[in-house]
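> dropping the sequence and predicted coords here.
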Amino acid sequence: MQPDFNIVLIGGSAGSLSRVLRLLPHLTKKLNIAVILIFHRKEDEDSVLHDVLAHKSEFTVKEVEDKDPIERRHVYIAPADYHLLLEKDLTFSLDMSEKINYSRPSIDVTFESAADAFGESVIGLLLSGANADGVDGLRRIREEGGRIVVQDPRSAEVPFMPQQAVDRLSIDLLLTEFNIDDFLSLVTS
Amino acid sequence: MNDDLQLTDGQIEIILSDLIEQYGYDFTNYSSASLKRRIQRLITMDKVVSFAEFRHRIQHDAAYFKRFVEQVTVNVTEMFRDAHFYRTLREEVIPELATRPLIRIWHAGCSTGEEVYSMAILLHEANLLHKSLLYATDINPTVLEKVRLGMFPMSQMKQYSENYIQSGGRNDFSKYYIAQYDTAKFDDSFKTRIILATHNLVSDTSFNEFQLILCRNVMIYFDKELQDRALELFDNSLEKLGFLGLGSKETMKFSSLVSRYKQLPNKEKIWRKMS
Ligand SMILES: C[S@@+](CC[C@H](N)C(=O)[O-])C[C@H]1O[C@@H](n2cnc3c(N)ncnc32)[C@H](O)[C@@H]1O
């Protein structure tokens, strides 16, 4: 099932929460997208993250439960200690297999499964972080016809993760503090 | 990684129908994204070069079929994972079971048994272990062998001991096992209350009536249709007022059975069968 909206995946690790908090107010009802957040964090911070992100945008914020449907105008949070996969019938599946890149959820795992299921409807955004998770996933999104965006490493609290992506891939947009409009038109086109 | 053989969805379907025909194992209603990922992982690990070779090997080499099942299913598990879940078992569920002459508990998809031994510890601490039976079942016979041994990696004990304390445990966790090099061997008194059997939630039927069934992080690997089948099976295997415990991100909300069940407070993933 090809969705009639785009799916925007945001992967982040150390230092990426503040960037997401600045992005959320731009998510208004007229944007025809679903947003999925994959954050590296500790097991017991689930509800904290949900509470911090809720009501910061016009989207509904939800921590994913197994087999939840993927719907537009929602921000989905990958739960701690599971990998998050996207199914072709527009639902989520969870998986508790081994950590990837020392991480569960792993950004690569979600990015790769989204690319496999939804190809060119997928946009991947990689934010600040200290680990190389996410780069292979971005490459896969690219290969399947989706688009990839990376936070400008110069503005990232921890530049390693976005820098890896910039060094190794050709990206569609480098997200700075000043080109949010470019980002919004990219994700909706 | 990118040079590895990538199977198409159609090729995966062929493998799955071979498995039904040849071995009677039906994976067609597993969550496809994760199944595909696991099969792809096996192909990379085993450096498989062609679909034909992979298919032939699964069809004709029973040992390789065994490996396929072991690697494609996910066996990751922990003792006292989600401490609040075990705290609820300790404080709300076990006291309800205490008056029964015999307590029967089913761990469906028990993997290597960490969850079963956690439960046995709770029952022991409630002075109920002597009149309890823990049925531990899984599709994969290799993991059941590990349940029987009751030996878990020593490197995990620090984490498990913390989980145990958070679940309301008051003892010194290390009194429950003997350290043998890099393994922790759990007390044999637990083992005497555990009954092992292979059981496939896809195709096998109900085999007893239970007061408590735990099936945690197994149905995440099933699509909704197969989840419904498994939930029916649990419903048929649960006494009235019995309890069903699921994994922390699993839910009964998509099932029509939910109207006959009542979820315990605080959104704990335990449902009680009301009628
Ligand atoms: C991730 S483990 C969960 C272990 C434990 N319940 C926990 O939550 O920690 C999933 C287990 O389900 C088993 N399993 C998968 N498919 C099954 C089926 N059709 N019938 C029974 N068990 C199955 C696997 O072999 C594996 O041991």
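Yep, it's here.

> what stretches of the stretch 151-275 of chain B score poorly on pLDDT?
The model of the stretch 151-275 of chain B has no residue with pLDDT under 70.

> what does it have sitting close to the ligand?
B:Asn200, B:Leu201, B:Val202, B:Arg216, B:Asn217, B:Val218, B:Tyr221, B:Gly247 (Cβ under 6 Å from any ligand atom). The way it works is simple: take the backbone N, C-alpha and C, and place the C-beta from them, glycine included.

> please flag which of those sit within strands.
With DSSP state E as the criterion, strands contain none of those.

> which of the residues you listed are buried?
Neighbour-count burial (16 or more other Cβ atoms under 10 Å in any protein chain shown) is assigned, among those, to B:Leu201, B:Val202, B:Arg216, B:Asn217, B:Val218, B:Tyr221, B:Gly247.

> the residues of the stretch 151-275 of chain B next to the ligand: which ones sit near chain A?
Residues of these in contact with chain A (Cβ under 8 Å from any Cβ of the partner chain): B:Asn217, B:Tyr221, B:Gly247.

> which of those lies closest to the ligand?
Of all those, the ligand sits closest to B:Asn217, with 3.7 Å by Cβ to the nearest ligand atom.

> want to try TSV for the ones next to chain A among the residues of the stretch 151-275 of chain B next to the ligand, with distance to B:Arg67 as columns?
Output for these, formatted as TSV (distance: Cβ to Cβ, whole Å):
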residue	distance to B:Arg67
B:Asn217	22
B:Tyr221	18
B:Gly247	26
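
> just to revisit the earlier point, quick check, nearest of the residues of the stretch 151-275 of chain B next to the ligand to chain A?
Nearest to chain A among these: B:Asn217, at 5.2 Å, using Cβ to the nearest Cβ.

> could you find the closest non-adjacent residue to that closest one?
B:Gly247 (4.0 Å; Cβ to Cβ, 6 or more residues apart in numbering or on different chains).

> distance of that neighbour from B:Thr28?
Here B:Gly247 is placed at a distance of 22 Å from B:Thr28 (Cβ to Cβ, to the nearest Å).

> residues in contact with the helix or strand of chain A with the lowest mean pLDDT?
Ranking every helix and strand in chain A by mean pLDDT, DSSP states H and E puts helix A:46-53 at the bottom, with a mean of 84. For helix A:46-53, contacts defined as Cβ atoms under 8 Å, 6 or more residues apart in numbering or on different chains pick out A:17, A:20-21, A:24, A:37, A:39, A:41, A:61-63, A:75, A:77, A:79-80.

> in strands, which of those fall?
Reading strands off those with DSSP E, I get A:Leu37, A:Phe39, A:Val61, A:Lys62, A:Glu63, A:Val75, A:Ile77.

> give me the distance between the fourth one and A:Ile77.
This means A:Lys62. From A:Lys62 to A:Ile77 the distance is 7 Å (Cβ to Cβ).

> who's more crowded, those two?
The neighbour count for A:Lys62 versus A:Ile77, taken as other Cβ atoms under 10 Å in any protein chain shown, is higher for A:Ile77 (22 against 15).

> what pairs with that one across the strands?
Note on A:Ile77: beta-bridge partners by DSSP bridges are A:Leu37, A:Glu63.

> and it, how close does it get to A:Asn6?
Taking Cβ to Cβ, one finds A:Ile77 at 18 Å from A:Asn6.

> identify the residues contacting the residue in the stretch 151-275 of chain B that chain A sits nearest to.
Across the stretch 151-275 of chain B, the shortest distance to chain A (Cβ to the nearest Cβ) belongs to B:Ile220, at 4.5 Å. By Cβ under 8 Å, 6+ apart, the residues touching B:Ile220 are A:Asp66, A:Tyr82, A:Ser93, A:Leu94, A:Asp95, A:Met96, B:Ser31, B:Ser34, B:Gly247, B:Lys249, B:Glu250.

> stretch B:108-117 near chain A at all?
No. If you take Cβ under 8 Å from any Cβ as the test, stretch B:108-117 misses chain A, and the best it gets is 10.2 Å.

> thinking again about what came up before, roughly how far is the least confident helix or strand of chain A from the heart of the chain?
16 Å (Cα atoms, centre = their mean, to the nearest Å).

> before we move on, back to that, drop anything exposed from the contacts of helix A:46-53.
Buried among the contacts of helix A:46-53 (16+ other Cβ under 10 Å): A:Leu17, A:Val20, A:Leu24, A:Leu37, A:Phe39, A:Arg41, A:Val61, A:Glu63, A:Val75, A:Ile77, A:Pro79, A:Ala80.

> pLDDT and distance to B:Gly113 added to those, as CSV?
Below are these laid out as CSV (pLDDT from 0 to 100; distance: Cβ to Cβ, whole Å):
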residue, pLDDT, distance to B:Gly113
A:Leu17, 91, 38
A:Val20, 95, 40
A:Leu24, 96, 43
A:Leu37, 97, 34
A:Phe39, 94, 32
A:Arg41, 82, 29
A:Val61, 97, 37
A:Glu63, 95, 29
A:Val75, 98, 38
A:Ile77, 96, 31
A:Pro79, 95, 25
A:Ala80, 93, 24
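
> so which of those is the closest to chain B?
Nearest to chain B among the buried ones among the contacts of helix A:46-53, with distances taken as Cβ to the nearest Cβ, is A:Pro79, at 5.1 Å.

> please name the nearest non-neighbouring residue to the closest one.
B:Lys249 (5.1 Å).

> next, count neighbours for the one you found.
24.

> again with B:Gln22
By other Cβ under 10 Å, the residues close to B:Gln22 number 13.

> what distance do you get for B:Tyr23 to the ligand?
Computed as Cβ to the nearest ligand atom, to the nearest Å, the B:Tyr23 to the ligand distance reads 13 Å.

> in terms of helices and strands, where is the nearest residue to that residue once chain neighbours are set aside?
Counting by Cβ to Cβ, 6+ apart, B:Phe65 is the residue found nearest to B:Tyr23 once chain neighbours are left out, at 6.0 Å. Here B:Phe65, judged by DSSP states H and E, is contained in helix B:62-72.

> just after that helix, pick out the following helix or strand.
Past helix B:62-72, the next helix or strand by DSSP H and E is helix B:83-88.

> in that next one, what counts as buried?
Quick answer for helix B:83-88 (16+ other Cβ under 10 Å): B:Ala83, B:Phe85, B:Tyr86, B:Arg87, B:Thr88.
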